[in-house]
Every structure is written in structure tokens, then in C-alpha cells.
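[1] let's see this in three dimensions:
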Amino acid sequence: MSTVRRFVPADENQLQSLVQPLQGPGFSWDDLLFSAELVQAQTWVYEVAGTIQSFVCIRDSGEAWEFTIVATRQDGQRKGSMKALLSSVMGGLEPRRHIWLEVHEQNLAAQALYQGLGFRQTGLRGGYYRDGSAALLYTWSEDKPLPSV
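    Next up, the predicted model:
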């Protein structure tokens, strides 16, 4: 049984464990900033049998919603949990405005996921990541229908 729900402080250790193996040039949140973002943003989790598979942190910039952290357990990638989570969360954001996110230019699986959800690439930040790679900027607009899961 899967559940999409809001983050609670008791989830933090599990989320820290989830992101630890993901740390690298394309994901580099230090522990202090990561902990602060979990609380300051709206954080949503996708949980199966008590184990968090994916999560997303969302901020309201006033102009748009911004997905600041998007992550899936390494052993759970490409199994649909992030698509289910993002579809659920995006369907509940009010008011329905633009949604922004950025992704490492070499993260082809994430790019395919976002494009499948109706995001389109709208910009590029050259040399953004520690390895010198660009961040691809994606935007979703409310004129795009949300896919069914």
C-alpha cells in the first residue's frame, strides 16, 4: 500500500539516509541546509510499507511553485514512485500556477520523467553544478493537463 503524505519531523532520519548515497556533483545539500529545507519548504513523501521511496520539497516563490529538492531512493528509481508523488502533489497545488525545477544536464531519466509530466525546458544555467555541468531549467504551466498515474 502506497501513501502520499506531508513530511513529519520523525521522517528526517529516513530522508537523510535516502539522500546520502545520492550526494555527488548533481546533488549536494549539506546536512544543515537539507534539514532546514525539509522544514521550511512544503515537503511531501511517497511511502510504501513504512519506507519512504521518494520525496519533494516545494517552495512558493510568489510567482511560481519551485521544486527545490526531488529525490528517490537508489533502489527505488525507475519504479514509478516519483511520477506518482509529483502527479499527486501537482494536482493539489493551489492556486495552479507555473512550477519550476532544475535538473543536472546528465540526468536523462529525470528529464524524461519531467517531460512526461508536461514540463518543458525553458532555460539553462551553465556551470551550475560542482562538476561544471549545466542545470536545465524546466517549467510546467497550468495549461498542460496532468498525466494519470
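
[2] helix/strand/coil for Ile52?
    Under DSSP: H, G, I helix; E, B strand; the rest coil, the three-state class of Ile52 is strand.

[3] report the contact partners of it.
    The contact partners of Ile52, by Cβ atoms under 8 Å, 6 or more residues apart in numbering, come to Asp11, Gln14, Leu15, Leu18, Val45, Tyr46, Arg73. Bear in mind the C-beta positions are built from the backbone N, C-alpha and C, glycine included.

[4] quick one: what helix or strand has the second one in it?
    To tie it back to what came earlier, the one meant is Gln14. helix 12-19 (DSSP states H and E).

[5] in stretch 68-80, which residues are buried?
    Thr68, Ile69, Val70, Ala71, Thr72, Arg73, Gly76, Gln77, Gly80 (16 or more other Cβ atoms under 10 Å).

[6] roughly how far is it from the heart of the chain?
    In terms of Cα atoms, centre = their mean, to the nearest Å, the centre of stretch 68-80 is found 9 Å from the chain centre.

[7] end to end, how far does that stretch reach?
    20 Å (Cα to Cα, to the nearest Å).

[8] cool, stretch 61-79 as well?
    Start-to-end, stretch 61-79 (Cα to Cα) is 30 Å.

[9] same deal with stretch 50-70?
    The first and final residues of stretch 50-70 sit 19 Å from each other (Cα to Cα).

[10] pLDDT averaged over that stretch - what is it?
    For stretch 50-70, mean pLDDT is 95.

[11] which parts of that stretch are buried?
    52-59, 65-70.

[12] same thing with stretch 38-48?
    For stretch 38-48, a neighbour-count test (16+ other Cβ under 10 Å) marks Leu38, Ala41, Thr43, Trp44, Val45, Tyr46, Glu47 as buried.

[13] and it, how far out from the chain middle?
    10 Å.

[14] any low-confidence regions in the protein?
    Where the chain drops to pLDDT under 70, the residues are 95-96, 143-149.

[15] do a quick rundown of the strands in it.
    Per DSSP state E, the chain carries strands over the ranges 2-6, 42-48, 51-60, 65-72, 99-104, 120-125, 135-140.

[16] for Gly118, grab phi and psi.
    Backbone torsions for Gly118, taken as degrees, to the nearest 10, come to phi 100, psi 0.

[17] do I have it right that Arg120 meets Tyr138?
    Yes. Using Cβ atoms under 8 Å, Arg120 is in contact with Tyr138, at 6.7 Å.
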